[in-house]
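1. A structural model of the following input is requested.
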Amino acid sequence: MRAIRSILLAAVACAGLLAQAQAQEVRVGATITGEVVPGVYGQVMLGNRPPPPVVYGQPVIAEPAAAAQQLEPIYLHVPPEHAHHWREHCREYGACNRPVYFVRSAEYEPGYRAHERHEQHDADHGDRDR
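-> Purely as a prediction, here's the structure:
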């Protein structure tokens, strides 16, 4: 009975944290080694797999590195609004001076169900780049 009670209390606590995280739109950095899914953001490690579909054909650099410091591009999965306003968000991923390929996921598809959240984010930030 105590084990069940502990499990239930832990589940309630996790549900509360999840609700709080969703309300605050907390970003969590991660290294993604498997399938890229909406809501999980961070660097995508390819291993020996072929490169995934990307948003732009060429890597994006927010702040060019020194000429002597030629860095290999990295693959990142970021929310579409972060890719769209990369200079404002590159520090969150530690990639301002790195060439970055943005990995495409369902979030980038027209009609994705979280589209309203993205429009609200653009409205909150003045959508300066459109």
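2. Give me the below-cutoff pLDDT ranges for this structure.
-> Counting by pLDDT under 70, the chain contains low-confidence ranges at 1-34, 67-68, 114-130.
3. Would you map the helices across this protein?
-> 2-24, 80-84, 86-89, 115-124 (DSSP state H).
4. Any buried residues in the second one, and which?
-> Neighbour-count burial for helix 80-84, with 16 or more other CB atoms under 10 Å as criterion, is recorded at Pro80, Glu81, His82, Ala83, His84. Bear in mind the C-beta positions are built from the backbone N, C-alpha and C, glycine included.
5. okay, that helix in PDB with CA atoms only?
-> This file holds the C-alpha atoms of helix 80-84, laid out as PDB (Å, rounded to 0.1, in the frame of the first residue of the first chain):
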ATOM      1  CA  PRO A  80      10.500  27.300 -35.600                       C
ATOM      2  CA  GLU A  81      10.400  30.800 -34.000                       C
ATOM      3  CA  HIS A  82      14.000  30.200 -32.800                       C
ATOM      4  CA  ALA A  83      15.200  29.400 -36.300                       C
ATOM      5  CA  HIS A  84      13.400  32.400 -37.700                       C
END
